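> output the structure for:
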Amino acid sequence: MHSIGRYSQQMDFHNSILEYRFDEALKAGLSERLPFEKEESHFATEPSVACGIRADDTGDEFGVIYLQSSQQLLVFAATHADRASAAAVFKKEFPELSAHEIPATFKMGPQVDSPAPMNPPLPASEIPSAVMRFELPGMLIFLVVLIGSLYAAYSFQEPVMQRLGLHGGSPGDAPPWYFITQDFAKGICSGGALLLCLLVAVAMWRWWPSYAAILVWMPLLSLGQDVARSWIIYQACPGLLDGQRTTSRWPTFQSYLYDQDIAWADTVIIVGAVLLSVILSLVNVYVLHKLAQRSARLRLEGSAP
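Modelled structure (predicted):
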């Protein structure tokens, strides 16, 4: 076997012929015979490194991809090759991998440049579970954190009011302390929920950048206005946290309801969240494009004499 930079045959990246339970120790032991890229590539739906090899005696070509998160080695052959024969050639060249073989289940093509037209799209009945298995955890984390943060922001409002001594007054009072204290406590809880979403988004960005991006701008859109309103209240009502509710710039409920600073802050949060969603989407596309370019460059460098 020897490494190749470009495939002379169309590779069947829709179906793996072999899969192995792999790890860094095996990768290091086979580093000379399977020269994986040194940097992550955009070959698959999760962080991976890849290489192309050709059998010296038979001329069979193989695409080999190591999924670093799943710790699996996927082996692909040419589109029109006999799968059983191609698998036998690879097994003969790498008998030490036989002890780590697992049933081949990969049926969704990694994102690679192909020198020939791709096969027709797979029927819906053959859409694999490989992508779903990878995406499902990110989707679940996103939904649990988003719904949980919104629920927590609502549930902790009453304990925060009790802790800070914000109870008192009625809806008809002037100044409208009843609404001011309610909104102030709500903003504190929303700030904690928003911070939780941001921390989880940072942690999951490496594996699920799309869900991480949504977990940044969507909570900002739904919780950011409460946080901004709470900060304005803090500035406009000195002594609020000390129980001194004698000074407020809102003498009536109408003046509080139509406050220009609050309206301006709400507009900024909405526009900022929408712009942030667009920017994060463009950043994800740019990063994926750069990863694909780097993979192509490494393959070309590997094929140079």
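
> can you tell me which helices and strands the helix or strand of the chain with the lowest mean pLDDT packs against?
Across the helices and strands of the chain, mean pLDDT, DSSP states H and E gives its lowest value to helix 260-303, namely a mean of 79. In terms of contacts (3 or more CB pairs under 8 Å, 6 or more residues apart in numbering; DSSP states H and E), helix 260-303 is packed against strand 2-4, strand 48-54, helix 209-236. C-beta here means a position set from N, CA and C on the backbone, and glycine is covered the same way.

> output those as a markdown table; include the columns mean neighbour count.
Formatted as a markdown table, these follow (neighbours: other CB atoms under 10 Å):
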| stretch | mean neighbour count |
| --- | --- |
| strand 2-4 | 15 |
| strand 48-54 | 21 |
| helix 209-236 | 20 |
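
> which of these sits closest to residue 14?
strand 48-54 (15.7 Å; CB to CB).

> just the angle for the closest one relative to helix 260-303, thanks.
Per axes from the mean of the first three to the mean of the last three CA atoms, to 10 degrees, the angle that strand 48-54 makes with helix 260-303 is 20 degrees.

> for the stretch 51-200 of the chain, what are the low-confidence residue spans?
Along the stretch 51-200 of the chain, segments meeting pLDDT under 70 span 107-134, 168.

> thought residue 90 was touching residue 74?
No - shown here, residue 90 and residue 74 do not form a contact pair, counting by CB atoms under 8 Å, at 11.5 Å.

> buried set for stretch 161-180?
Within stretch 161-180, the residues scored as buried using 16 or more other CB atoms under 10 Å are 161, 164, 166, 169, 175-180.

> what does it contact?
With contact meaning CB atoms under 8 Å, 6 or more residues apart in numbering, stretch 161-180 is reached by 160, 181-182, 184-185, 233, 237, 240-241, 243, 245, 248, 250-253, 256.

> which of those residues count as buried?
160, 181-182, 184-185, 233, 237, 240, 245, 248, 250, 253, 256.

> and the closest residue to residue 243 other than its chain neighbours, backbone torsions?
Computed as CB to CB, 6 or more residues apart in numbering, the closest residue to residue 243 that is not its neighbour in sequence is residue 165, at 5.5 Å. The phi/psi pair for residue 165 (degrees, to the nearest 10) reads phi 60, psi 50.

> from residue 284, how far off is the residue minimising distance to the centre of the chain?
Geometric centre of the chain, nearest residue: residue 208, 1.7 Å, by CA atoms, centre = their mean. Distance, residue 208 to residue 284, using CB to CB, to the nearest Å: 10 Å.
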